[in-house]
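Engineer: any chance you can model this:
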Amino acid sequence: MKSVSKLLVVYTLNQSLHWFIIGLILPVSSLFMMEKGFNLQQIGLIFAASSATVLLLELPTGGLSDALGRKRVYLISLLFMLGAVLLVMISWNMASLMIGYLLFGTARALSSGSIDAWFVDEFNRLEPGGDLSSKLAKASIFIPLAMGVSALAGGLLPDVLGRFASNLGAGIYSINFVAMAAMIVVQYGLTSKLVVEKVHASRSADALDGFRRLPQLVSDAVQYGFKQLAVLLLLMAALAWGFAFSGLETYWQPQVKSMLGPDSATWQFGLLTAGYFVSASAGGLLFTPLSRLLRVQASTLLFGMRSALGILFLILAAQQGVAGFTVFYFVLFMSNGMASAPDTALFNQQLNESNRSTMQSLNSLFLQLGGLLGSFIHGFIAQYVSISASWCVAGGVLIASAFLYLMVRENAKNPIQAAG
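Structural biologist: I've put the predicted structure just below:
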């Protein structure tokens, strides 16, 4: 890459398209399973199995990215994702659907942090000591917008084109997976051409040598994560986030469907999904002026934002109508969007280039561990108490985790530079 601006364009395009692909099934993922006859607890178990796969593979795949190269491992992840989509489309029982989501989990583990690590490494090479937070904030404006557009399209697809899938003997939500498969092929081609990686000296072009070095890379990363107190605190914060948001992401669709009644249309779910990504994009846009206005350390800012997220979970749980739910749902994701860039930058300040992808995978592992715990706990509470009760538990966990950021400020290896 010849300039930071070109690097940022390629990174934003790649990640926007990546999350556009994911967004195509977000409005209908639970509805797709319900259409096949699964109940809420079974849906939670399927998502839990996918999360468990990510949990088991996060560190090995992160180490693989550090050993073989970010681009190569990301391209492999796209092949796994394509296989998952095809299997889920033709799934005929819980076992086959579960295997499909296990492949989704494998793809997610492989892709986790790979292109992000590539961007940070290239940025540090082009602009040592530069303002990483502001660049990540710019990317965080467009990436959620792409997810919002795709979620809106994903909500419309079953209503507009679902009948074609029905004529072939499939459910109306299968059309979303067809569109997803086509976009994966496009992403593979663009990534192959646009992402140019300068291989670090610690990395090997030889795949076999990379695999041999994998256990040592993973071991070193785990030791680094637990010896650096700032890193460990941020990992615990990621675990809390994963726990809380797993309950929201899994059960907002059934909650809204109960408010709308049996005559609800799929486009309404797509509109809500698009709205929360647009809200996240607005949060990324507001981060820079907010950080300049407040002029506080990133850890203090993150403490306030994480506390606000927990409170918003409690407010959302109390909503009885769609109008109130929609307003606070969007405000919640706008707040989450504001916290994304400083949280990512603060974590990356603690890392080295040689272990960056593995450490980001460790961060994602903690997030997935939280999500796995949440899938079981929220699933049980939602089935036997209520969805609202599970969100109250999530809100309490988020508020408690906010205090972790205050301790990071005093223990960080390198204080984060002023954001914005």
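Engineer: pull the residues that contact the helix or strand containing G105.
Structural biologist: Per DSSP states H and E, G105 falls inside helix 94-111. By CB atoms under 8 Å, 6 or more residues apart in numbering, the residues outside helix 94-111 that reach it are 18, 33, 36, 38, 42, 46-47, 49-54, 56-58, 61, 64, 73-74, 76-78, 80-81, 83-85, 87-88, 90-91, 361, 364. For every residue, glycine as well, the C-beta is placed using N, CA and C.
Engineer: quick one: low-confidence ranges for this protein?
Structural biologist: Applying pLDDT under 70 to the chain flags residues 1-2, 165-169, 199-218, 220-221, 262-267, 353-355, 409-420.
Engineer: quick check: longest helix of the protein.
Structural biologist: helix 132-167 (DSSP state H).
Engineer: so which elements touch that helix?
Structural biologist: Judged by 3 or more CB pairs under 8 Å, 6 or more residues apart in numbering; DSSP states H and E, the packing partners of helix 132-167 are helix 4-23, helix 114-126, helix 174-194, helix 266-294, helix 322-348.
Engineer: out of these, which gets nearest to Q223?
Structural biologist: helix 322-348 (17.2 Å; CB to CB).
Engineer: which strands and helices sit next to that closest one?
Structural biologist: helix 132-167, helix 229-260, helix 266-294, helix 298-317, helix 356-384.
Engineer: can you give me the end-to-end distance of stretch 63-78?
Structural biologist: 18 Å (CA to CA, to the nearest Å).
Engineer: just to revisit the earlier point, if we go by neighbour counts, what in the longest helix of the chain is buried?
Structural biologist: Neighbour-count burial for helix 132-167, counted by 16 or more other CB atoms under 10 Å, picks out 132-158, 162, 165.
Engineer: orientation of that helix relative to helix 322-348 in degrees?
Structural biologist: If you take axes from the mean of the first three to the mean of the last three CA atoms, to 10 degrees, helix 132-167 sits at 130 degrees to helix 322-348.
Engineer: count of neighbours near I90?
Structural biologist: Residues within reach of I90, counting by other CB atoms under 10 Å, total 12.
Engineer: separation between it and G284?
Structural biologist: 38 Å (CB to CB, to the nearest Å).
Engineer: likewise for L110?
Structural biologist: 26 Å.
Engineer: what of S375?
Structural biologist: With CB to CB as the criterion, S375 and G284 are 27 Å apart.
Engineer: now do the same contact list for the spatially closest residue to R356 that is not a sequence neighbour.
Structural biologist: Take R356 and drop its neighbours on the chain: the residue closest to it by CB to CB, 6 or more residues apart in numbering is A117, 4.5 Å away. Neighbouring residues of A117 by CB under 8 Å, 6+ apart: 65-66, 70, 356-357, 360.
Engineer: for L82, see how far away A117 is.
Structural biologist: In terms of CB to CB, A117 sits 23 Å off from L82.
Engineer: specify the local secondary structure of F38.
Structural biologist: coil (DSSP: H, G, I helix; E, B strand; the rest coil).
Engineer: so what does it look like in phi/psi?
Structural biologist: Dihedral pair for F38: phi -90, psi 150, per degrees, to the nearest 10.
Engineer: same question for the one 4 residues further on.
Structural biologist: Here the main-chain torsion angles of Q42 (degrees, to the nearest 10) amount to phi -70, psi -40.
Engineer: does it touch M33 like I think?
Structural biologist: Yes: with contact defined as CB atoms under 8 Å, Q42 counts as touching M33 (7.5 Å).
Engineer: which one of the two is surrounded by more residues?
Structural biologist: M33 (23 against 18).
Engineer: with adjacent residues omitted, what lies nearest to the more buried one?
Structural biologist: Leaving aside its chain neighbours, M33 sits nearest to I43 (5.0 Å; criterion: CB to CB, 6+ apart).
Engineer: and the helix or strand hosting the one you found, what does it pack onto?
Structural biologist: If you go by DSSP H and E, I43 is part of helix 40-68. Using 3+ CB pairs under 8 Å, 6+ apart as the contact criterion, the elements in contact with helix 40-68 are helix 29-35, helix 70-90, helix 94-111, helix 114-126, helix 207-227, helix 229-260, helix 356-384.
Engineer: what angle do the fourth one and helix 40-68 make?
Structural biologist: Relative orientation of helix 114-126 versus helix 40-68 (the same axes, to 10 degrees): 40 degrees.
Engineer: A318 contacts S388, correct?
Structural biologist: Yes: A318 sits in contact with S388 when judged by CB under 8 Å, with a separation of 7.2 Å.
Engineer: ok, those two, which is more surrounded?
Structural biologist: Between A318 and S388, counting by other CB under 10 Å, S388 is the more crowded of the two (17 against 12).
Engineer: returning to that earlier point: which parts of the helix holding I43 are buried?
Structural biologist: For helix 40-68, the neighbour count (16+ other CB under 10 Å) marks 40, 42-55, 57-68 as buried.
Engineer: please apply the same query to stretch 11-29.
Structural biologist: Buried-residue list, stretch 11-29, by 16+ other CB under 10 Å: 11-29.
Engineer: is E197 in a helix, a strand, or coil?
Structural biologist: Strictly by three-state DSSP, E197 counts as coil.
Engineer: if we can go back for a sec, possible to save the helices and strands packed on helix 40-68 as JSON lines with distance to F277?
Structural biologist: Formatted as JSON lines, those follow (distance: least, CB to CB, whole Å):
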{"stretch": "helix 29-35", "distance to F277": "15"}
{"stretch": "helix 70-90", "distance to F277": "19"}
{"stretch": "helix 94-111", "distance to F277": "18"}
{"stretch": "helix 114-126", "distance to F277": "18"}
{"stretch": "helix 207-227", "distance to F277": "30"}
{"stretch": "helix 229-260", "distance to F277": "12"}
{"stretch": "helix 356-384", "distance to F277": "18"}
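Engineer: any idea which of those helices is most buried?
Structural biologist: Mean neighbours per residue, mean count of other CB atoms under 10 Å, is largest over those for helix 356-384, with a mean of 24.
Engineer: from the chain's centroid, how far away is stretch 338-352?
Structural biologist: Mean C-alpha position of stretch 338-352 versus that of the full chain (CA atoms, centre = their mean, to the nearest Å) differs by 15 Å.
Engineer: appreciated, that's everything.
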